[in-house]
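> mind looking at a prediction? Sequence and model below.
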Amino acid sequence: MNIQKLKKELEQARASLKSILNNASDAIFVGSPKTNKIVDCNLRGEELLERRRSEIIGQPLSILRSKQRANHYKKIFSEMKSISNADYDDQNLEVIITKKGKIKNVLISSFVAMSKEEPLVYGIFHDITQQKEQENKLIKAYHDLKVEKHKLLEERNKIEIILQNIGDGVVVLNPKLEIIVFNKKAEKISGFLAQEILGKKFHSIFKKNIIETENKHDSELIRKDGQPITISSITTSLAGEENSYIITFRDVTLEREVDQMKSEFVSIASHQLRTPLAGIKWNTEILMDGVLGKLTNEQLEFIEKIKTSNERLIKLVNELLDISHIETGRKFEIRRRKSSITKIVREILNEQVALITSRKIKVFNKINKNLKLSIDRAKIKQVFQNLIENALKYSQENNARVTIDSKIQKNEIIFSVADNGIGIPEHQQDKIFEKFFRADNAITVQAEGSGLGLYAARAITEAHQGKMWLESNKHGSVFYFSLPK
């Protein structure tokens with residue numbers, strides 16, 4: 001009776017153990033050291049190897065181990081054959097390949113338990129594939145981070161070398177307008193050492209107007225030794241940093257002195273040329289009027305050529321004088337009075353009637369008839385004259401159109417002169433307002449020209465607190481300029 005009860009309890013225990021094994025979260029394999037084969041496995045074991053239980057039982061234990069570990073267990077199993085009640089415990093990390101070729105990382109805990117017939121090896125396989133993948137990702141991310149850090153350090157070193165050896169002074173300000181970068185050229189120009197002013201407020205060392213605009217401009221800088229110098233500077237906002245700035249500047253004192261001398265020389269030379277040119281003009285007119293006797297047609301033709309060339313030279317001298325006055329500030333005062341813009345434009349168009357008629361140019365004057373502004377009339381007429389003459393000269397040979405227009409804004413009037421002419425090449429548009437510059441295609445169409453008209457026009461506009469800009473393509477150009485109301 002007791003034996004029957006014990007057998008029943010043993011069967012129940014075996015059933016409970018089997019249930020526990022099948023419902024375990026880890027894969028469990030049972031191996032025989034005698035046959036070196038798998039004798040049992042649970043449901044998780046089937047899932048791990050992607051095989052049915054019937055396919056697994058009877059397979060060599062080597063399918064659960066790498067070749068190296070299989071040899072290790074052969075040695076253990078051979079020892080088990082001669083040792084009863086053996087109790088081995090081993091733990092290691094293995095890589096196994098499933099039936100479908102997937103690679104699984106498992107952490108194996110194994111132990112030996114004695115049964116009635118023979119010792120059996122129990123292997124508990126904990127699948128750590130996902131964990132391993134995460135570890136590998138972390139290792140790769142860490143490696144990538146180290147590589148990026150190295151690259152950033154290299155880039156930083158390169159930038160530092162460039163910054164310290166660049167030909168311009170460079171100052172970087174934080175949102176509090178404190179100096180956080182001050183390169184070697186900035187030290188040389190200002191006389192201050194970086195260690196003396198880093199962390200100090202910019203305005204406690206330098207004049208405020210240096211950073212008042214993002215346009216390139218000249219301003220005065222007082223060196224550490226008290227000597228004033230002229231610098232050309234430009235201020236730009238630091239990308240991604242609100243209220244932080246980069247100021248680049250260079251010493252242009254000598255350049256400005258040379259410019260001043262050149263302007264003075266041009267002014268003196270132009271004044272000296274005016275008298276003989278006026279004399280040539282007066283004498284050619286006397287000859288053409290027949291005061292000294294009647295001229296033949298051939299003689300008149302030559303005198304006409306002399307007169308035309310002389311007038312071009314007079315115009316060039318006047319332009320040079322204008323530029324000299326603009327640059328030196330002498331005789332360049334803005335004398336404002338209320339003036340009709342329509343009358344100014346009409347005067348210019350009347351002066352150009354011969355050109356407009358000969359080339360059959362359609363001119364559209366859309367300026368508001370009642371528009372009057374407080375301006376220096378002569379100088380603003382010069383601006384319109386330059387833009388309108390250029391539009392007429394560079395318009396198409398056929399179906400030429402020039403449109404003069406105005407647009408009233410809140411605080412300013414924007415004027416425009418548009419043509420359907422040759423346009424200005426895109427790569428030369430940023431130079432069009434420079435002294436003596438003429439676009440390549442303009443030289444081809446009109447060989448004559450000084451390249452001073454647009455420079456003077458913009459200077460006059462800016463002296464009126466206005467701006468001048470352009471839009472251009474191969475279908476024509478539009479020149480804009482603004483004047484305050």
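Good, I have the coordinates. Residues are numbered from 1 along each chain as shown.

> okay, strands next: where are they in the stretch 201-350 of the chain?
Remark: strands assigned in the stretch 201-350 of the chain by DSSP state E, counting those that start in this stretch are 217-222, 228-237, 245-251, 337-340.

> which one, of the ones you listed, ends up nearest to residue 398?
Nearest to residue 398, of all those, is strand 337-340, at 33.6 Å by C-beta to C-beta. From N, CA and C alone the C-beta is placed, and that goes for glycine too.

> can you list contacts of the closest one?
The contact list for strand 337-340 (C-beta atoms under 8 Å, 6 or more residues apart in numbering) reads 371, 372, 373, 374, 375, 376, 377, 380.

> try it again with 10 Å
Residues outside strand 337-340 that contact it (C-beta atoms under 10 Å, 6 or more residues apart in numbering): 346, 367-378, 380-381.

> filter those to the buried ones?
Burial by neighbour count, judged by 16 or more other C-beta atoms under 10 Å, picks out 367, 373, 375, 376, 377, 380, 381 from these.

> against residue 301, how distant is residue 242?
71 Å (C-beta to C-beta, to the nearest Å).

> still on that earlier bit, and residue 277, which of the strands of the stretch 201-350 of the chain is closest to it?
Of the strands of the stretch 201-350 of the chain, nearest to residue 277 by C-beta to C-beta is strand 337-340, at 29.9 Å.

> ok, that closest one: who's next to it in the sheet?
Sheet pairing here is set by DSSP bridges, and for strand 337-340 it gives strand 372-375 (antiparallel).

> after the strand it pairs with, next one along is what?
Scanning forward in sequence from strand 372-375 by DSSP states H and E, the next helix or strand is helix 377-393.

> buried residues in that next one?
377, 379-393.

> elements contacting the next helix or strand after it?
Downstream of helix 377-393, the next assigned helix or strand under DSSP H and E is strand 401-408. Under the contact criterion of 3 or more C-beta pairs under 10 Å, 6 or more residues apart in numbering; DSSP states H and E, strand 401-408 touches helix 341-351, strand 362-365, helix 377-393, strand 412-419, strand 476-484.

> which one of the ones you listed lies nearest to residue 253?
That would be helix 377-393 among those, by C-beta to C-beta, at 29.5 Å.

> and that closest one, average pLDDT?
Averaged across helix 377-393, the pLDDT comes to 91.

> could you export it as PDB, CA atoms only?
The C-alpha coordinates for helix 377-393 follow below in PDB (Å, rounded to 0.1, in the frame of the first residue of the first chain):
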ATOM      1  CA  ARG A 377      16.700 118.600 -57.100                       C
ATOM      2  CA  ALA A 378      19.900 118.700 -59.200                       C
ATOM      3  CA  LYS A 379      21.300 115.600 -57.500                       C
ATOM      4  CA  ILE A 380      18.100 113.500 -57.700                       C
ATOM      5  CA  LYS A 381      17.800 114.500 -61.400                       C
ATOM      6  CA  GLN A 382      21.300 113.100 -61.800                       C
ATOM      7  CA  VAL A 383      20.100 109.800 -60.400                       C
ATOM      8  CA  PHE A 384      17.100 109.600 -62.700                       C
ATOM      9  CA  GLN A 385      19.200 110.800 -65.600                       C
ATOM     10  CA  ASN A 386      21.700 108.000 -65.100                       C
ATOM     11  CA  LEU A 387      19.100 105.200 -64.800                       C
ATOM     12  CA  ILE A 388      16.900 106.400 -67.700                       C
ATOM     13  CA  GLU A 389      19.800 107.000 -70.000                       C
ATOM     14  CA  ASN A 390      21.100 103.400 -69.300                       C
ATOM     15  CA  ALA A 391      17.700 101.900 -69.800                       C
ATOM     16  CA  LEU A 392      17.400 103.700 -73.200                       C
ATOM     17  CA  LYS A 393      20.900 102.800 -74.300                       C
END
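
> let me know the pLDDT of residue 67.
At residue 67, pLDDT is 52.

> next one: the longest strand anywhere in the chain to chain centre, how far?
When the chain is parsed with DSSP state E, its longest strand is strand 103-114. Relative to its chain's centre, strand 103-114 lies at 59 Å (C-alpha atoms, centre = their mean, to the nearest Å).

> the helix or strand that that strand is followed by: which residues count as buried?
Sequence order places strand 119-127 as the next helix or strand after strand 103-114, per DSSP H and E. Judged by neighbour count using 16+ other C-beta under 10 Å, the buried positions of strand 119-127 are 119, 120, 121, 123, 124, 125, 126, 127.

> and strand 119-127, what does it pack onto?
Counting contacts by 3+ C-beta pairs under 10 Å, 6+ apart, strand 119-127 packs against strand 27-32, strand 37-41, helix 43-49, helix 67-82, strand 89-97, strand 103-114.

> partners of that strand in the sheet?
strand 27-32 (antiparallel), strand 103-114 (antiparallel).

> okay, these in TSV with distance to residue 431 and mean neighbour count next?
Formatted as TSV, these follow (distance: least, C-beta to C-beta, whole Å; neighbours: other C-beta atoms under 10 Å):
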stretch	distance to residue 431	mean neighbour count
strand 27-32	77	22
strand 103-114	65	16
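
> which of those strands has the lowest mean pLDDT?
Among the strands paired with strand 119-127, strand 103-114 scores lowest, with a mean of 79.

> distance from stretch 388-406 to the middle of the chain?
36 Å.

> do the same with stretch 431-439
The answer for stretch 431-439 is 26 Å, by C-alpha atoms, centre = their mean.

> swap in stretch 304-318?
Taking C-alpha atoms, centre = their mean, one finds the center of stretch 304-318 at 48 Å from the center of the full chain.

> quick check: mean pLDDT across it?
pLDDT averaged over stretch 304-318 gives 79.
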